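Visitor: Would you be able to build a 3D model of this:
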Amino acid sequence: MADDRHIELGERLLRGTASPAEETEWARLVEQRPEFGVELRRQAAMHSLLLARVGAMPSRPGMAEQIGRETAQPRSAESRLPEFDARRISFRRWRMTVAAAAVLLGVGLLVNVQLKRLRPVPGPTRAVASVQDVRGTVTVRHAEIDVPARVNQALYADQKLITQGAASSALIVYGEAVQLGVRGNTELALHTTAPAPVGPGEALLLTHGAVQVAISRTTARKPLFVTPHAIVQAVGTRFLVTVSAAETRVEVEEAVVKFTARSSGKSVLAQAGFYASVGAGPEPTIGRLQRAGAGRVGEGLLALYTFLEQRGSIVPDVSGSDDPLPLQIVGERWAWLKGGGLSFPTGEHRVVAATPRTPRRLYAACTGSDELTVETWLRPSAPIQLGPTRIVVLDAPGQRGKLDAALNWAVCHGEVGGNTPGANVNFRVRTSRTRSLFSHVSTTSNPLQTIDNVQHIVCTYSPAGGMRIYVNGQLEAHKPEGGSLDSSGPTAWYPDCVLGVGNRNGDLDRGWQGDIFLLAIYARALMPQEIVRNFIAGPPASSVSQFLKSVSQNCEFMPIFGAGSRVTVPDVVVRRRGPAPGPVGMVRAQSWNG
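Guide: Model (predicted):
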């Protein structure tokens, strides 16, 4: 109410209609409320008539001088509020303007990026390749933009083809008639400038991964591959280029490939059946390829050892996995066999070929699928062995107590009873239904009795099929089991395990006496027809006579001599003997030529 009265009295003073009583009342309000003085100064600055009227009031002769002094004094915070408010309003407007400009700029940039993605990326006008097949996640990158690859898509210079994941792949045709099978986890730049000492010229830049190359004999334009370690020049027609962080490797299937180390410029010529590789060192190496025989089963393969590429005391895993599991031979009494194979001639207890680290990939795959297959081609040096001795085993040597308390699985030679001699095959697996240390099954016959024969031994496990042992393609032992292969719980597989060949890990007290030519491990139980398929494919060693002698006990052979054949061993049709004879398959002679 005082505010309204003050405004009313002020208006009357401005019009000159205020009575002496109203002038006195207004002066009293100003003395009681200082803010009224602020209002007075504001109005007095705008209307000098008000100040004149105040100075003429007879009831307050000193009021004009007092107001004049207050007006001349520095303004209080309250008196500056109106001007401060005005600046604040201006600052707010400026800030809102800047914010609006920033929003518009961001929207503009976003629209520009989207428009870039929508409109075609400018690139070269000449197509250098085309996509023929796409599986999994495959993208084409150009100008730092990735688009999904599609069948029949043209690929241009300076573009990259990228496969993401091990299951992804792509087939492209480069140039006139060059097929490139791009495998998983690969990055391939389709066109770049070849470096010294080969350049100038066109080249394919393989940063990492693997590419299978097939070149028509008639094409004149053959690709040149550049990797971080080497330059691979296609003189031949069929080869595989693989690049890892450690090395570049080329495997030649047909004709010749020129392989040059980038660090030194030194070159080698790798012919069909040979490989060449180079890593951090200046010298490229060359060696014979390991071939496990044509037509082998590859689905579910975890590890493959063919004992052909004999590198000192290392047995390489040639399964083609991105995480290989090489074996390190420990001990003295062992030997490489000419033509392929690893020999434990004396059954020395202190010798084993084992993985230097835990095979996590193998462990996870088998406990994930609840299935397992262990396949070997072998030849015992002694028919009766005490133990049973360990041909192949996956166990945890650091956790063993009595017997095989830390065993996950094992393929053994001899009776299951401790220190009992025998010539049979014993298969042991730790499952969820294991009541003691492991479940096991043994052959009732003695397939390892004859020491001169190369035998094909396959042991499989699955909850549905149980434990099975096949000898030379024939089922010799079966035991229903039905348990799972656990990674946790009271019957779980021991995680800190080691894959060993020829002995039990850790204690090294179950040394096997014999020769091994192939070891393959699968994360599934192979079907009987798949086991026969691998049996027909034969061992990787070049000794065909040993294979023919071993299978002659169960099969008969019908040689097929083709017209004009130049092979030294004819093709063979394998027929099973017994109550249900019939063809099993064909062994091609060229599969055995070393």
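Visitor: Look up how far Val257 lies from the nearest residue to Phe535 once chain neighbours are set aside.
Guide: Leaving aside its chain neighbours, Phe535 sits nearest to Gly473 (4.1 Å; criterion: Cβ to Cβ, 6 or more residues apart in numbering). Where you see a C-beta, it was placed from the backbone N, CA and C, and this is true even at glycine. Counting by Cβ to Cβ, to the nearest Å, the gap from Gly473 to Val257 is 37 Å.
Visitor: Could you give me the buried positions within whichever strand or helix holds Ala21?
Guide: Element membership of Ala21, judged by DSSP states H and E, is helix 20-32. Using 16 or more other Cβ atoms under 10 Å as the test for burial, helix 20-32 gives 23, 26-27, 29-30.
Visitor: Can you pull the phi/psi pair for Thr97?
Guide: In terms of degrees, to the nearest 10, the main-chain angles of Thr97 are phi -70, psi -40.
Visitor: Check the contact between Ala525 and Tyr461; I expect there is one.
Guide: Yes. With contact defined as Cβ atoms under 8 Å, Ala525 reaches Tyr461; the gap is 6.1 Å.
Visitor: intersection of neighbour lists for the two?
Guide: Taking Cβ atoms under 8 Å, 6 or more residues apart in numbering as the criterion, Ala525 and Tyr461 both touch 371-373, 468.
Visitor: give me the number of residues near Gln513?
Guide: Look at Gln513: counted by other Cβ atoms under 10 Å, it has 19 neighbours.
Visitor: For it, give me its contacts.
Guide: Each residue near Gln513 by Cβ under 8 Å, 6+ apart is listed here: 344-347, 380-382, 385, 389.
Visitor: Can you tell me which of the residues you listed end up in strands?
Guide: 344, 380, 389 (DSSP state E).
Visitor: Just confirm the first one contacts Gly500, I think it does.
Guide: No. With contacts defined as Cβ under 8 Å, Phe344 does not count as touching Gly500, sitting 11.7 Å away.
Visitor: where do the contact lists of these two overlap?
Guide: Shared contacts of Phe344 and Gly500, defined by Cβ under 8 Å, 6+ apart, are absent.
Visitor: Which residue, neighbours along the chain excluded, lies closest to Arg12?
Guide: Once flanking residues are discounted, Arg12 sits nearest to Ala18: 4.0 Å by Cβ to Cβ, 6+ apart.
Visitor: Quick check, pLDDT for that neighbour.
Guide: pLDDT recorded at Ala18 is 76.
Visitor: And for it, the neighbour number?
Guide: A count of neighbours around Ala18, defined by other Cβ under 10 Å, yields 20.
Visitor: Relative to Gln32, how far out is it?
Guide: 18 Å.
Visitor: Give the helix, strand or coil label for His478.
Guide: Taken by DSSP: H, G, I helix; E, B strand; the rest coil, the conformation at His478 corresponds to strand.
Visitor: Walking through this protein, point out its helices one by one.
Guide: 2-15, 20-32, 34-46, 48-55, 63-72, 77-118, 360-369, 528-537, 544-551 (DSSP state H).
Visitor: what are the phi and psi values for the closest residue to Trp336 other than its chain neighbours?
Guide: Nearest non-adjacent residue to Trp336, counting by Cβ to Cβ, 6+ apart: Gln310, 4.5 Å away. According to degrees, to the nearest 10, the main-chain angles of Gln310 amount to phi -90, psi 90.
Visitor: Can you lay out the ones in strands among the contacts of Gln513 as TSV showing neighbour count?
Guide: Below are those laid out as TSV (neighbours: other Cβ atoms under 10 Å):
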residue	neighbour count
Phe344	27
Pro380	27
Thr389	26
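Visitor: got those residues as a markdown table, with pLDDT columns?
Guide: Compiled in a markdown table, the ones in strands among the contacts of Gln513 are given as follows (pLDDT from 0 to 100):
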| residue | pLDDT |
| --- | --- |
| Phe344 | 90 |
| Pro380 | 89 |
| Thr389 | 87 |
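Visitor: Name the spans of the stretch 251-400 of the chain whose pLDDT lies under the cut-off.
Guide: Scanning the stretch 251-400 of the chain for pLDDT under 70 picks out the ranges 289-294, 347-349, 398-400.
Visitor: same thing but 50
Guide: In the predicted model, the stretch 251-400 of the chain carries pLDDT under 50 at residues 400.
Visitor: where along it do the strands fall?
Guide: For the stretch 251-400 of the chain, the strands defined by DSSP state E, counting those that start in this stretch occupy 256-261, 267-271, 274-278, 285-288, 301-305, 314-315, 327-330, 335-336, 342-344, 352-354, 372-380, 389-395.
Visitor: so which of those gets nearest Arg249?
Guide: strand 274-278 (4.1 Å; Cβ to Cβ).
Visitor: which residues touch that closest one?
Guide: Strand 274-278 has contacts (Cβ under 8 Å, 6+ apart) with 229-230, 247-252, 257, 259, 261, 263, 268, 270, 284-289, 309.
Visitor: The residues you listed, buried ones only, as a PyMOL selection?
Guide: Listed next is the PyMOL selection for buried residues among the contacts of strand 274-278, using 16+ other Cβ under 10 Å:
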select buried, resi 229+230+247+248+249+250+251+252+257+259+261+268+270+284+285+286+289+309
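Visitor: end-to-end on stretch 430-446?
Guide: 24 Å (Cα to Cα, to the nearest Å).
Visitor: could the strands of the stretch 251-400 of the chain go into a markdown table alongside distance to Pro447?
Guide: Compiled in a markdown table, the strands of the stretch 251-400 of the chain are given as follows (distance: least, Cβ to Cβ, whole Å):
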| stretch | distance to Pro447 |
| --- | --- |
| strand 256-261 | 43 |
| strand 267-271 | 39 |
| strand 274-278 | 35 |
| strand 285-288 | 31 |
| strand 301-305 | 21 |
| strand 314-315 | 25 |
| strand 327-330 | 25 |
| strand 335-336 | 24 |
| strand 342-344 | 18 |
| strand 352-354 | 23 |
| strand 372-380 | 9 |
| strand 389-395 | 12 |
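Visitor: so which of the ones you listed is the most packed in?
Guide: The highest mean neighbour count among these, using mean count of other Cβ atoms under 10 Å, belongs to strand 389-395: a mean of 28.
Visitor: tell me the angle of that one relative to helix 360-369?
Guide: Strand 389-395 runs at 80 degrees relative to helix 360-369, counting by axes from the mean of the first three to the mean of the last three Cα atoms, to 10 degrees.
Visitor: all numbers from here: first residue = 12
Guide: New numbering, starting at 12: the last item is strand 400-406.
Visitor: Need the residues that contact strand 400-406.
Guide: Contacts to strand 400-406, defined as Cβ under 8 Å, 6+ apart, come from residues 358, 370, 373, 385, 387, 389, 415, 417-425, 468, 505, 508-517, 521-525, 527, 530.
Visitor: again, only using 7 Å
Guide: Outside strand 400-406, the residues within contact range by Cβ atoms under 7 Å, 6 or more residues apart in numbering are 358, 385, 387, 389, 415, 417-425, 508-512, 514-516, 521-523, 530.
Visitor: same thing with stretch 453-471?
Guide: Looking at stretch 453-471 with Cβ under 7 Å, 6+ apart, the contacting residues turn out to be 383-394, 422, 424, 427, 434-438, 479-484, 487-488, 528, 536-537, 542, 546, 550, 557-558, 560-561.
Visitor: My guess is Gly451 contacts Thr442. True?
Guide: You called it Gly, but residue 451 is His. No. The criterion here is Cβ atoms under 7 Å, and His451 misses it with Thr442 at 10.7 Å.
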